[in-house]
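> using only what follows, build the 3D model:
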Amino acid sequence: MTPEEARDVLAPVADEERRAQLVELCHGWPAVLGLAARAPGPSPPQDVLLDGLYDYFAEELFQSASPELQRLLCQISAAPCLTRNLLERLDGPPAFDLAATAERDGFFHRTEKGEQSLHPLLRAFLEHRLNERSDRVQLVDDLTQALLENERWDDVWQLIQDRDRPDLLPRLIESSLPTLLDGSRLPALESWIAFGHANSLVSPLLDLAEAEVSFLAGEHTKAYALALQATHHFDDSSPVRWRAHAIAGRSGHYSDRLSVAIDHLRKARSIAPNRKAVLHCLWTEFLCAYELESEDCVSTLDQLIALQDGRPETTVRIVQAKMFLSKLVGIGSDELPFIENALSLLDRVHPQVRASFYVTYCDYLTGLARYSDAEPALSKASTLLSDYGYSFGYPSNYCNRAVNAIGLRRYRHAELLLDAAERSTDAFRGSIPLYVSALRDIVALIKADRNDYLSPTSAYAPAPKFWQGLALGINALKCACRGDMKTAITYASNADSTTRHSETRTLTAFARAIIAIQSNSAEASSVLADALLRVNRCGQWNQFVWAYRAYPDLLARIASEPKLATQIGPILLSAYDGKLADRFGIPLPAASLRQSQAEGKLSRREREILQLVADGLSNKEISRKLFISEVTVKVHLRHTYEKLGVRNRMEAALHAVYSD
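The predicted model follows:
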């Protein structure tokens, strides 16, 4: 029947809304429409329809089908969705002929999009028939495989739940894990894992999936244990064994098991199924070798370069590796090409790679004391980590933001970020706790909080060499600032023997310069010149900023050397230390002078409003506080922006807070 004919049949027994529902449900079947028309009451109940369907129509229709068609119908009744690709996977061309027969006989109907679909009133009947078949398990297994081959992950998940088949979950995980992780569909994966545990499912594939989720959640110890467990249950022929070793390696890297991590990564690389997987392993292997300060990090980078596959991710990783390596072997910022090229490729790479690059790039900019330039990139990294649920990146990102906040003189903000870093890590010892402790000491030292900076930073062994060396270097700087020269020299020597990292070597160089100045050594000028030469060569100006803020008289000695004073002017400007420059007579670039002159032209009211903007007040709040209109506030702010040469409210607030 046509929809219009069906509505006429149902008119005596149902209102317009109910008629529309029944017409949609019956899809033109005359027998079903007749049953609905004869059913008592204004709304024929579902059970009446269903029983009638079994008694008067479905059984007869089903028995008239060939055994092959009966088998196919029962099988696809368990499929949440019917597609041509699914039919092809199930039985190839014969399935198409059977489907055409099924549509002719009324088992199928056409959707609005022209696709075949099992008649809704037949699905329950066919599912009942499927449950009666002796080959029902094999039919569902074959259907599952066909859906997996079509990458219909959600349909398989629905099938597992509908048929109560938790035993099929490992097959779903094995087929879909790379796709779900690349697509950042963590909630789906988490629900599968919870379902497996609720059904007491024991499988290395479930362990592997939970290891991946735990890693992304920042639970590195748990991730390593689960991945290690999974590696023992796969042989080398398994397509996922390499992934188990790879996640064990990544988790080992983040939990400071660097040598063990490298072993897992090399094993993963030896059985990796393709070049993309090999590059994935090489990247983490490079990071481990870098933190161990092993010569292998150079050869590993060479392998990354040799295996370039033309993908943007590989290009970005190579540039990122060079930024890391410059800190270890002192390549220097002028020998780091293609950073801008890598930045232009970031929108084409995986979010994990993008966030990681932003964090490294920010660290690079912070090292150059380009704190304001680092702020937007830090914001992008934070947004990516938050949007995609990459909790594993939170601790290092918080630390990097704290370092930049210190550079911008946001000391309280830095302390809050370090609190967040501590809360976001599952480690009580290791690189992150040590880094947090070291940065807290720097803040205390710069703020001259003697109660906090008199005690030495603990450089405990579980952390990689760089972090131990950095803690020792900070201890050297602390001792030098308070005049404990002998202890400072000891710490500086220990730091230099612990790490080759340029950040630590820069700290110890300025600690020695401070000692030489305090002892009125005849070599003070040459020691200071050597320290500045080092920092100029390696680009770690951030450590110089720490040093002169902790011991401002360092600038007095530099000011006595005109060439040195001219050299550091741009750094003081970038670090918003113009007031210190004025105090010691260090010339700043012309742009700074123009900015100072512009600031001097601000009216009293403009300076007052600027300070309130820096305090975080809105225009409405400022107008109420100063008893002026919002329009007047806006006019003053527009004039202030023009005089300071800033573009917006944020830049004006930064100027107000840090120009001193």
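> which outside residues touch stretch 225-239?
Stretch 225-239 is contacted by residues 174, 204-205, 207-208, 210-211, 214, 240-241, 244-245, 247-248, 251, 264, 271, 273 when judged by Cβ atoms under 8 Å, 6 or more residues apart in numbering. (Glycine included, C-beta is placed from N, CA and C.)
> could you redo the last one with a cut-off of 7 Å?
With Cβ atoms under 7 Å, 6 or more residues apart in numbering as the contact definition, stretch 225-239 has outside contacts at 204, 207-208, 210-211, 214, 240-241, 244-245, 247-248, 251, 271, 273.
> now the element after the one helix or strand residue 566 maps to, going C-ward?
Per DSSP states H and E, residue 566 falls inside helix 562-574. Next in sequence after helix 562-574, counting helices and strands by DSSP H and E, comes helix 578-584.
> is residue 260 located within a strand, as I assumed?
No - assessed with DSSP: H, G, I helix; E, B strand; the rest coil, residue 260 is helix; it does not lie in a strand.
> got a list of what it touches?
By Cβ under 7 Å, 6+ apart, the contact set of residue 260 is residue 252.
> that one and residue 501, how far apart?
Going from residue 260 to residue 501 by Cβ to Cβ, to the nearest Å gives 22 Å.
> could you do residue 200 as well?
49 Å.
> which one's more surrounded, these two?
Higher neighbour count among residue 200 and residue 501: residue 501, with 26 against 7, using other Cβ atoms under 10 Å.
> check which helix or strand covers the closest residue to residue 135 other than its chain neighbours.
Using Cβ to Cβ, 6 or more residues apart in numbering and skipping the chain neighbours, the partner closest in space to residue 135 is residue 71 (7.9 Å). Element membership of residue 71 [criterion: DSSP H and E] is helix 67-76.
> helices or strands up against that helix?
Contact partners of helix 67-76 among helices and strands, from 3 or more Cβ pairs under 7 Å, 6 or more residues apart in numbering; DSSP states H and E: helix 93-105, helix 120-132, helix 136-149.
> which positions within that helix qualify as buried?
Across helix 67-76, burial judged by 16 or more other Cβ atoms under 10 Å covers 69, 70, 71, 72, 73, 74, 75, 76.
> mind checking how far that helix is from the chain centre?
46 Å (Cα atoms, centre = their mean, to the nearest Å).
> go on, stretch 522-536?
The answer for stretch 522-536 is 41 Å, by Cα atoms, centre = their mean.
> residue 266: neighbouring residues, count only.
Residue 266: 14 surrounding residues under other Cβ under 10 Å.
> quick one, what contacts it?
Going by Cβ under 7 Å, 6+ apart, residue 266 touches residue 285.
> now do residue 280
By Cβ under 7 Å, 6+ apart, residue 280 lies in contact with residue 246.
> try it again with 8 Å
The neighbours of residue 280, taking Cβ under 8 Å, 6+ apart as the test, are 246, 272.
> could you check the pLDDT of it?
What the model reports as pLDDT for residue 280 is 95.
> for it, give its distance to residue 552.
From residue 280 over to residue 552 the distance is 48 Å, taken as Cβ to Cβ.
> quick check: closest non-adjacent residue to residue 189.
Closest to residue 189 by Cβ to Cβ, 6+ apart is residue 180, at 5.2 Å.
> what's around that neighbour, how many residues?
By other Cβ under 10 Å, 21 other residues sit near residue 180.
> next: the one 10 residues further on.
The local packing count at residue 190 equals 15, with neighbours defined by other Cβ under 10 Å.
> follow-up on the earlier one: out of the contacts of stretch 225-239, which is most surrounded?
Within those, residue 248 tops the neighbour count with 30 neighbours, counted by other Cβ under 10 Å.
> so that one touches residue 261, yeah?
Yes - judged on Cβ atoms under 8 Å, residue 248 makes contact with residue 261 at a distance of 7.5 Å.
> spit out the contact partners of the residue nearest to residue 189.
Neighbouring residues of residue 180 by Cβ under 8 Å, 6+ apart: 153, 186, 188, 189.
> what's the lowest-pLDDT member of those residues?
residue 186 (81).
> just give me the neighbour total for residue 270.
Residue 270 has 12 neighbouring residues, counting by other Cβ under 10 Å.
> need the contact list for residue 343.
Neighbour list for residue 343: residue 361 [criterion: Cβ under 8 Å, 6+ apart].
> quick one: it from residue 375, how far?
Distance, residue 343 to residue 375, using Cβ to Cβ: 15 Å.
> please apply the same query to residue 347.
Per Cβ to Cβ, residue 347 is found 20 Å from residue 375.
> so for these two, which residue has more residues nearby?
Neighbour count, other Cβ under 10 Å: between residue 347 and residue 375, residue 375 has more, with 19 against 8.
> name the nearest residue to the more buried one, ignoring sequence neighbours.
residue 404 (6.8 Å).
> do residue 136 as well
With Cβ to Cβ, 6+ apart as the criterion, residue 136 has its nearest non-adjacent residue at 5.4 Å, and that residue is residue 130.
> list the contacts for that neighbour?
Contacts for residue 130 (Cβ under 8 Å, 6+ apart) come out as 74, 75, 77, 78, 136, 139, 140.
> one step back: tell me the one among the contacts of stretch 225-239 nearest to residue 535.
Ranked by distance to residue 535 (Cβ to Cβ), these are led by residue 251 at 35.6 Å.
> quick one: residues contacting that closest one.
Applying Cβ under 8 Å, 6+ apart, the residues near residue 251 are 211, 214, 215, 220, 221, 223, 224, 227, 261.
> at 6 Å instead, please
Shown in contact with residue 251 (Cβ atoms under 6 Å, 6 or more residues apart in numbering): 215, 220, 223, 224, 227.
> in helices only, show me those residues.
Counting by DSSP state H, these place 215, 220, 223, 224, 227 in helices.
> so where's the stretch 501-650 of the chain shaky on pLDDT?
Along the stretch 501-650 of the chain, the parts satisfying pLDDT under 70 run over 590-600, 645.
> just the buried residues of the contacts of residue 180.
153, 186, 189.
> dump those to TSV, plus distance to residue 195 and secondary structure.
Formatted as TSV, the buried ones among the contacts of residue 180 follow (distance: Cβ to Cβ, whole Å; DSSP: H, G, I helix; E, B strand; the rest coil):
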residue	distance to residue 195	secondary structure
153	14	helix
186	15	helix
189	11	helix
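> same list (the ones in helices among the contacts of residue 251) but as TSV, adding neighbour count and pLDDT.
Listed next are the ones in helices among the contacts of residue 251 as TSV, based on neighbours: other Cβ atoms under 10 Å; pLDDT from 0 to 100:
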residue	neighbour count	pLDDT
215	24	93
220	23	91
223	27	95
224	26	96
227	28	96
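> identify the farthest-apart pair in those.
Spanning the widest gap among the ones in helices among the contacts of residue 251 are 220 and 227, at 10.2 Å by Cβ to Cβ.
> what about the helices in the stretch 401-550 of the chain?
Counting by DSSP state H, counting those that start in this stretch, the segments of the stretch 401-550 of the chain that form helices are 411-423, 431-446, 450-453, 465-481, 485-498, 502-518, 524-538, 541-550.
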